[in-house]
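Asker: need a structure here:
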Amino acid sequence: MKINDLKIEPAVFLAPMAGVSDYPYRKLIREMGVELLYTEMVSAKGYEYGNKRTAELIEFDKSENGKIAVQIFGEEPEFMARAAAGIAEEYDVDIIDINMGCPARKIVKNGAGSALMKDLGLAAKIIKSTVQAVDIPVTVKMRSGWDAHNLNAVELTKIAEKAGAAAVAIHGRTRNQFYKGEADWSIIKDAVEMVEIPVIANGDIFSAEDAKMVFEQTNCEGIMIGRAAQGYPWIFKEVIKYLKTGDLIEAPSYSEKIEMAIRHLKLAVDYYGESHGVPIMRKHISWYLKGLPNASEMKNKVNQITDLNNLIELLKAYRKSFSM
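Answerer: Next up, the predicted model:
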């Protein structure tokens, strides 16, 4: 698929996930064959005011093969435009993505994220000003609408195209659904039929078969995977292989899952330091443990450990139990 002149293959992307898709995690996902990765959402105001945490969210290794999109959020066109211009120049990124889909209350209460789906005039101004501020593609991530009575993703997609956006990604749930219920892919199909720019499908893509199904049902040009990749980066390798050949690859063993958790842990500690990296990794490790024997007991033990070496030893002993 192409986003403006940017060719991206395969058209299978890591979704931006706050508190999840950080630098260490993206390194692992890149190894699964994903060309385009999205950062966690970055505050436009945070960037402008030089927030250290904001810079941490953007960091990536340009020497890697592949492309990077930085997602920004905010509710003021001027701040969004300046942040986009600054990030594009300072970090040499490939895409700026505008967050119009985050359902979190702390984001929505300030008028950003999916709250912009309630003010399409402001959404249009933000997209237009951001597009005019940079020389790289600008994309927009949105939901199907604010609630079941306001399903306006198709309208916002048309607005985005007119304002100069190079592509949109649609999560097939409303803001009020958060992550409950099922994603409605039909609204994605409707959007595809109304615009010329690429539409990327998101929501309820939990397997290789789901990926193929959403392509077939919506005629989208790309897909974005989020929650299914938490603790399971292999989902990308499985999807890419299946879409290319129709073959399903063998799922990782219990031992391989723990090996990946240990590797992820080491990357996080190398990046954040032990005092910050170990607590960050607790949720990731709990995801790696999902479906494994005695997972609940292991999660409790993991949550009590603050020392890196002790945590690695615990995980190694657990991994060893699979071969006994």
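Asker: Compute the number of surrounding residues for Val302.
Answerer: Neighbourhood size, Val302 [other Cβ atoms under 10 Å]: 22. Just so you know, the C-beta spots here come from the backbone N, C-alpha and C atoms, and that holds for glycine as well.
Asker: same question, Lys316
Answerer: Here the count is done by other Cβ under 10 Å, and Lys316 has 13 residues near it.
Asker: So what does it have for phi and psi?
Answerer: For Lys316, the backbone dihedrals (degrees, to the nearest 10) come out as phi -70, psi -40.
Asker: cool, the one 5 residues further on as well?
Answerer: The phi/psi pair for Ser321 (degrees, to the nearest 10) reads phi -60, psi -20.
Asker: Tally up the residues packed near it, please.
Answerer: If we define neighbours as other Cβ under 10 Å, then Ser321 has 13 of them.
Asker: isn't Ala124 right next to Ile159, touching?
Answerer: Yes. Counting by Cβ atoms under 8 Å, Ala124 touches Ile159, with 5.0 Å between them.
Asker: what number of residues lie near the closest residue to Leu28 other than its chain neighbours?
Answerer: In this structure, Leu28 finds its nearest non-sequential neighbour in Pro233, 5.0 Å apart by Cβ to Cβ, 6 or more residues apart in numbering. When neighbours are counted by other Cβ under 10 Å, Pro233 registers 22.
Asker: Isn't Pro233 up against Ile29?
Answerer: Yes. Assessed by Cβ under 8 Å, Pro233 is found in contact with Ile29 at 5.4 Å.
Asker: got a list of what Ala165 touches?
Answerer: Ala165 is in contact with 98, 127, 131, 138-140, 197, counting by Cβ atoms under 8 Å, 6 or more residues apart in numbering.
Asker: How about residues contacting stretch 73-86?
Answerer: Identification of contacts with stretch 73-86 by Cβ under 8 Å, 6+ apart yields 41-45, 47-48, 72, 96, 98-99, 102, 107, 110-113, 115-116, 122, 125-126, 128-130, 132-134, 138.
Asker: Among those, which ones are in helices?
Answerer: 44-45, 47-48, 107, 122, 125-126, 128-130, 132-133 (DSSP state H).
Asker: Any quick ChimeraX command for the buried ones out of the contacts of stretch 73-86?
Answerer: To isolate the buried members of these in ChimeraX, using 16 or more other Cβ atoms under 10 Å:
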select :41,42,43,44,45,47,48,72,96,98,99,102,107,112,113,115,116,125,126,128,129,130,133,134,138
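Asker: could you say which helix or strand contains the closest residue to Ile280 other than its chain neighbours?
Answerer: Nearest residue to Ile280, sequence neighbours excluded (Cβ to Cβ, 6+ apart): Ala268, at 5.7 Å. Here Ala268, judged by DSSP states H and E, is contained in helix 254-272.
Asker: Dump the C-alpha coordinates for that helix into CSV.
Answerer: What follows is helix 254-272, C-alpha atoms only, in CSV (Å, rounded to 0.1, in the frame of the first residue of the first chain):
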residue,chain,number,x,y,z
TYR,A,254,5.4,-22.0,26.5
SER,A,255,9.2,-21.9,26.8
GLU,A,256,9.5,-19.5,23.8
LYS,A,257,6.9,-17.1,25.3
ILE,A,258,9.0,-16.9,28.5
GLU,A,259,12.2,-16.4,26.6
MET,A,260,10.6,-13.5,24.8
ALA,A,261,9.4,-12.1,28.1
ILE,A,262,12.9,-12.2,29.5
ARG,A,263,14.3,-10.6,26.4
HIS,A,264,11.6,-7.9,26.5
LEU,A,265,12.4,-7.3,30.2
LYS,A,266,16.1,-6.8,29.5
LEU,A,267,15.4,-4.4,26.7
ALA,A,268,13.1,-2.4,29.0
VAL,A,269,15.6,-2.2,31.8
ASP,A,270,18.4,-1.2,29.4
TYR,A,271,16.2,1.6,28.2
TYR,A,272,14.5,2.8,31.4
